[in-house]
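Predicted model and sequence below, questions to follow.
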Amino acid sequence: MKTILEEIKSCTDCGLCVEVCPTYSITGEDLFSPMQRLKTAGWLFDGEALEPRLAESLYNCPKCMQCEMICPEKIRITRVIHSAREELARRGLGPLERHNSVIKGIMRKGNAVNGDPSKRLEWLPGEFPKHESDTLLYLGCLPSFLVKDAAASTYLALKKLDLDFMILEDEGCCGTYLYESGKTDLAGEFFEKNLERFRALGIKRIVVPCNGCLKCFKYFYPDLLGEIDIAVHHAVEVIYDLLKDNPSVLKKIERTAVYQDACRLGRGEGITEEPRRILDWCGLEVKELKNNREDALCCGAGGGIRSVYRDLSLKIAAGMLREAETKSVISACPFCVFNLNYASAKMKLGKNIKYFAEFVLESLE
Ligand code: SF4
Ligand code: SF4
């Protein structure tokens, strides 16, 4: 693996990444392009003092990885940006003020969305199931508090499909926000506590509805703690596996909707066909955005930018939604669902964005 400095130095200034970058296309500022972010990171690692706008450019990237798909030198630009955030945090120049208030909320309330911990299970239909299993359905902060239909539909669909799993009464946060903001020490301590708890419970597999949790458990935990002995799967993968030999259990619900590929699931994991097949089995006619699968546009929410650069995040989301030909849009990412619904309401775009498992559940009823 190349070192961070080697990654930075291998940039040939070809500029191919600039046009595909959502933060550049919305702002038109070179500063907010991948090519310039690499230069900025280089200056930072050379020990130069960065002006606030330059530091900001390292924090307003949603880590959509569009730039990495096109870069002929295969530079892992988001890896460089992450290291630069860690360096900013080490020097006391990051994270930014708003990041710090979210981090304080995580430490105080155990979730990244300022939710009341006593209401974490409000989405749960019925009593808390006191059941032990080596498979843990880990709902995540956003589905638990803000996109409750994603939590409830995933839970109920997996139950209907006879998966043996448990949930936690006091789940807590996966810690992705801590890692993404460059607070590596804090993230490491947080991850360790969670991992100890999972091991004590005998967990062998974690299933998540959220791509942020997926990336965190699958890549960020091993990055800081070394290999972990727990498999991590997105709900799409699990539901696909449970249905693939007998999709006829699904009732056809004949509707037309656009499927939106979330960056971390499509580009990141290559999971593009499974959700489309599931929706097809549910009887949906799936329409495509012009940019789809690995080439999909970003929803503008990830990488910690929505909490700090709300306006930029909103414009990126609205740009993506305007490409959708149907009112109904389906996503397999609760954060995309949340941000796209927010953008649709704010910009009066008339779209209705739902989590994929809602259709699976409807089809199973
Ligand atoms: S990850 Fe996305 S937003 Fe960040 S620099 Fe690359 S293309 Fe731009
Ligand atoms: S595409 Fe790659 S090599 Fe070209 S400017 Fe961007 S980062 Fe540098």
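Now that the structure is in, tell me what you want to look at. Keep in mind that what you see is a predicted model, and the values were worked out from it rather than measured. Ligands and ions are numbered 1, 2, ... in the order given.

For the protein, just list every one of the strands.
Assigned by DSSP state E, the chain shows strands spanning 135-137, 205-208, 231-234, 255-260, 284-287, 328-331, 352-355.

now those strands in TSV, with distance to residue 44?
C-beta here means a position set from N, CA and C on the backbone, and glycine is covered the same way. Output for these, formatted as TSV (distance: least, CB to CB, whole Å):
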stretch	distance to residue 44
strand 135-137	38
strand 205-208	33
strand 231-234	31
strand 255-260	34
strand 284-287	43
strand 328-331	34
strand 352-355	37
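
Specify the stretch among those strands that is closest to ligand 2.
Proximity to ligand 2, assessed across those by CB to the nearest ligand atom, is greatest for strand 255-260 (24.9 Å).

So which elements touch the closest one?
Judged by 3 or more CB pairs under 8 Å, 6 or more residues apart in numbering; DSSP states H and E, the packing partners of strand 255-260 are helix 273-281, strand 284-287, strand 328-331.

one more time with 10 Å, if that's ok
helix 273-281, strand 284-287, helix 310-321, strand 328-331, helix 334-346, strand 352-355, helix 356-364 (3 or more CB pairs under 10 Å, 6 or more residues apart in numbering; DSSP states H and E).

Can you tell me how far the residue nearest to residue 350 when sequence neighbours are not counted is from ligand 1?
Leaving aside its sequence neighbours, residue 350 sits nearest to residue 327 (CB to CB, 6 or more residues apart in numbering; 6.1 Å). Taking CB to the nearest ligand atom, to the nearest Å as the measure, residue 327 falls 27 Å from ligand 1.

Wait, residue 327 touches residue 287, no?
No - the pair residue 327 / residue 287 is not scored as a contact, 11.0 Å apart, by CB atoms under 10 Å.

and stretch 5-14, anywhere near ligand 1?
No - using CB under 6 Å from any ligand atom, stretch 5-14 never reaches ligand 1; the gap is at least 12.2 Å.

got the end-to-end distance for that stretch?
18 Å (CA to CA, to the nearest Å).

now stretch 197-211
From start residue to end residue, stretch 197-211 stretches across 21 Å - CA to CA.

That stretch - what's its average pLDDT?
The predicted model assigns stretch 197-211 a mean pLDDT of 98.

mind listing what's buried in it?
For stretch 197-211, a neighbour-count test (16 or more other CB atoms under 10 Å) marks 198, 203, 206-211 as buried.

Please state the offset of it from the chain centre?
On the basis of CA atoms, centre = their mean, to the nearest Å, stretch 197-211 sits 17 Å off its chain's mean C-alpha point.

list the contacts for the closest residue to residue 65 other than its chain neighbours?
In space, and not counting its chain neighbours, residue 65 is closest to residue 267: 4.9 Å by CB to CB, 6+ apart. For residue 267, the contacting residues are 64-66, 68-69, 261, 293-296, 298, by CB atoms under 10 Å, 6 or more residues apart in numbering.

same deal with residue 235?
137, 139, 143, 150, 153-155, 157-158, 207-210, 214, 275, 332, 355-357, 360.

biggest helix in the chain by residues?
Determined from DSSP state H, the single longest helix within the chain is helix 184-200.

Do I have it right that residue 240 meets residue 271?
Yes - judged on CB under 10 Å, residue 240 makes contact with residue 271 at a distance of 8.6 Å.

shared neighbours of these two, which are they?
233-234.

okay, and the common contacts of residue 327 and residue 287?
256-258.

would you turn the residues you listed into TSV with pLDDT, neighbour count and distance to residue 306?
Output for the shared contacts of residue 327 and residue 287, formatted as TSV (pLDDT from 0 to 100; neighbours: other CB atoms under 10 Å; distance: CB to CB, whole Å):
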residue	pLDDT	neighbour count	distance to residue 306
256	98	12	29
257	98	22	24
258	98	21	21
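
Break this protein into its domains for me.
Annotated domains of the chain cover 4-90, 97-240, 243-364 [automatic domain parsing].

got those domains as a markdown table, with distance to ligand 2 columns?
Listed next are the domains of the chain as a markdown table, based on distance: least, CB to the nearest ligand atom, whole Å:
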| stretch | distance to ligand 2 |
| --- | --- |
| domain 4-90 | 3 |
| domain 97-240 | 21 |
| domain 243-364 | 15 |
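
in the stretch 201-350 of the chain, what residue is nearest ligand 1?
Per CB to the nearest ligand atom, the residue of the stretch 201-350 of the chain with the smallest distance to ligand 1 is residue 298, at 6.1 Å.

need the contact list for the nearest residue to that residue once chain neighbours are set aside.
Excluding its sequence neighbours, the residue lying closest to residue 298 (CB to CB, 6+ apart) is residue 64, at 3.6 Å. Applying CB under 10 Å, 6+ apart to residue 64 gives the contacts 20-23, 78, 262-264, 267-268, 296-303, 305, 316.

State the pLDDT value of residue 64.
For residue 64, the model assigns a pLDDT of 95.

cool, and residue 1?
pLDDT, residue 1: 79.

cool, residue 304 as well?
Looking at residue 304, its pLDDT is 76.

Just give the number of residues close to it.
29 (other CB atoms under 10 Å).

repeat for residue 26
If we define neighbours as other CB under 10 Å, then residue 26 has 18 of them.

next one: residue 191
Neighbours of residue 191 (other CB under 10 Å): 24.

Tell me who's in contact with it.
By CB under 10 Å, 6+ apart, the contact set of residue 191 is 174-176, 178-179, 216-217, 220-225, 228.
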